[in-house]
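Engineer: following is a predicted model, sequence given first.
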Amino acid sequence: MPRPGFAEGARHENDEDRLMGQLADIISNAINYMKTAQVSDIIDIILVAVLIYVAIGLIRRTNTTRLARGIVIILLALWLSDLFKFRMINSLLKTTVELGFIALVIIFQPELRRLLERMGSGRFMFFLGGSSAPLTFESVVNQTVLACASMSESRTGALIVFERAISLNEQMATGTIVNADVTSELLRNIFFVKAPLHDGAAIIREGRLAAAGCMLPLSQNASLSSDLGMRHRAGIGMSEHSDAVVVIVSEETGAISVAMDGMLKRHLTPDMLEKILRTELLPESDNEQKRGIAGLLASLKSLKVKKND
């Protein structure tokens with residue numbers, strides 16, 4: 001009768017041999033496939049790679065990295081349970097995976113709908129990670145800086161959020177959908193003190209004013225300065241929960257601030273605000289070629305002086 005330790009060692013060696021055999025089969029099949037691959041096979045591989053790239057981009061945009069890690073862990077556990085013949089655990093994991101696909105469709109329903117709408121509109125550059133044209137963002141930056149400069153002079157409070165990779169659908173759902181071109185006049189009208197949407201935040205998505213009057217999460221950072229009001233705390237909180245760039249205009253002092261990654265840059269001039277927005281929102285190649293907003297502001301001031309003369 002074999003000793004227990006000897007039996008366990010032999011079983012462990014058999015598992016290792018089986019694992020190495022599976023890896024060898026995978027490598028051998030891959031080599032054979034490459035030898036017999038045709039043009040259609042190469043196209044098939046490229047399409048699968050594009051789909052995987054789109055799926056990764058969708059995960060990044062929806063701030064579901066932890067959920068994706070959990071899915072990978074479940075799939076890995078399923079493979080290990082099958083490898084080591086843990087039949088009960090394997091059966092439970094298979095059931096979880098089968099039901100999980102239905103749950104994922106429900107969880108990602110807004111993102112999947114948005115994806116299908118973009119496909120139907122013919123914006124195929126979405127699959128390559130493309131966003132709005134640089135010229136659109138150039139105009140958005142210019143109009144935002146003009147509006148903030150004007151609201152700073154009149155001490156009109158403002159809270160403008162630029163969505164980036166992480167989706168802000170939850171925040172948009174708390175406000176009013178606008179879906180309009182970004183102009184200085186529109187921003188100033190939204191944040192006019194007697195306007196119905198002036199207390200919330202305006203969210204800019206892909207070069208368009210997507211929503212206004214939106215509620216943002218407040219920062220729970222106890223080390224923030226006591227002179228920061230609710231508008232600044234909401235801007236910092238939004239930057240803590242996402243990768244958004246948040247522009248804040250103080251109603252009390254007229255000071256312009258920008259919140260990013262939980263950090264607040266205060267007392268910015270229009271030129272400094274423009275530089276930050278260009279750095280964060282525009283490609284570097286476009287930044288070098290674009291004329292600054294400072295020249296535009298100077299031109300407007302010179303026109304006012306000439307009219308007065």
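Structural biologist: Great, that's in hand.

Engineer: neighbours around residue 181, how many?
Structural biologist: 13 (other C-beta atoms under 10 Å). Bear in mind the C-beta positions are built from the backbone N, C-alpha and C, glycine included.

Engineer: beta partners of it?
Structural biologist: Beta bridges link residue 181 to residue 208, judged by DSSP bridges.

Engineer: that one touches residue 209, doesn't it?
Structural biologist: Yes: when contacts are counted by C-beta atoms under 8 Å, residue 181 is listed as touching residue 209 (7.2 Å).

Engineer: helices of this structure, start to end?
Structural biologist: 4-36, 39-61, 65-83, 87-107, 109-120, 134-154, 169-172, 184-190, 230-241, 270-281, 284-289, 293-308 (DSSP state H).

Engineer: run through the stretch 201-309 of the chain and note the low-pLDDT ranges.
Structural biologist: The model of the stretch 201-309 of the chain has pLDDT under 70 over residues 283-309.

Engineer: how close does residue 54 get to residue 41?
Structural biologist: 21 Å (C-beta to C-beta, to the nearest Å).

Engineer: how about residue 101?
Structural biologist: Residue 101 is 27 Å from residue 41, by C-beta to C-beta.

Engineer: and if you look at residue 201?
Structural biologist: For residue 201, the distance to residue 41 equals 50 Å [C-beta to C-beta].

Engineer: again, but for residue 89
Structural biologist: Relative to residue 41, and taking C-beta to C-beta, residue 89 is found at 36 Å.

Engineer: again with residue 27
Structural biologist: Remark: distance between residue 27 and residue 41 (C-beta to C-beta) = 18 Å.

Engineer: check residue 264 too.
Structural biologist: Residue 264 is 53 Å from residue 41, by C-beta to C-beta.

Engineer: those two: which is more packed in?
Structural biologist: residue 264 (20 against 12).

Engineer: I'd say the more buried one and residue 237 touch.
Structural biologist: No: counting by C-beta under 8 Å, residue 264 sits too far from residue 237 to count as a contact (11.0 Å).

Engineer: list the residues that contact residue 198.
Structural biologist: 157, 190-192 (C-beta atoms under 8 Å, 6 or more residues apart in numbering).

Engineer: whoops, I mixed them up, residue 174
Structural biologist: 200, 213-215.

Engineer: swap in 10 Å and give it another go.
Structural biologist: Each residue near residue 174 by C-beta atoms under 10 Å, 6 or more residues apart in numbering is listed here: 200-201, 211, 213-216.

Engineer: likewise for residue 77?
Structural biologist: 86, 89-90, 92-93, 96.

Engineer: report pLDDT for it.
Structural biologist: pLDDT recorded at residue 77 is 87.

Engineer: relative to residue 87, how far out is it?
Structural biologist: Distance, residue 77 to residue 87, using C-beta to C-beta: 14 Å.

Engineer: rewinding a little: by neighbours, which of the contacts of residue 174 wins?
Structural biologist: residue 201 (30 neighbours).

Engineer: that residue reaches residue 230, doesn't it?
Structural biologist: No: Residue 201 lies out of contact with residue 230 (C-beta atoms under 10 Å); the separation is 11.3 Å.

Engineer: now for the two: what residues contact both?
Structural biologist: Taking C-beta under 10 Å, 6+ apart as the contact rule, residue 201 and residue 230 both touch 159, 216.

Engineer: partners of residue 264 in the sheet?
Structural biologist: Using DSSP bridges, the bridge partners assigned to residue 264 are residue 259.

Engineer: just the buried residues from the contacts of residue 198, in ChimeraX please.
Structural biologist: To isolate the buried members of the contacts of residue 198 in ChimeraX, using 16 or more other C-beta atoms under 10 Å:
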select :157,190,191
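
Engineer: could you work out the most separated pair of the contacts of residue 198?
Structural biologist: 157 and 190 (11.2 Å; C-beta to C-beta).

Engineer: count the residues that sit near residue 199.
Structural biologist: Residue 199 has 14 neighbouring residues, counting by other C-beta under 10 Å.

Engineer: the residue nearest to it when sequence neighbours are not counted: what's it in contact with?
Structural biologist: Closest residue to residue 199 apart from its sequence neighbours, by C-beta to C-beta, 6 or more residues apart in numbering: residue 213 at 7.1 Å. Going by C-beta under 10 Å, 6+ apart, residue 213 touches 174-178, 190, 195-203.

Engineer: what about residue 213, distance to residue 202?
Structural biologist: Where residue 202 is concerned, residue 213 sits at a distance of 8 Å (C-beta to C-beta).

Engineer: overlap of the contact sets of the two?
Structural biologist: 175, 178, 190.

Engineer: nearest residue to residue 157 other than its sequence neighbours?
Structural biologist: Residue 157's closest residue in space is residue 251 (C-beta to C-beta, 6+ apart), at 3.2 Å.
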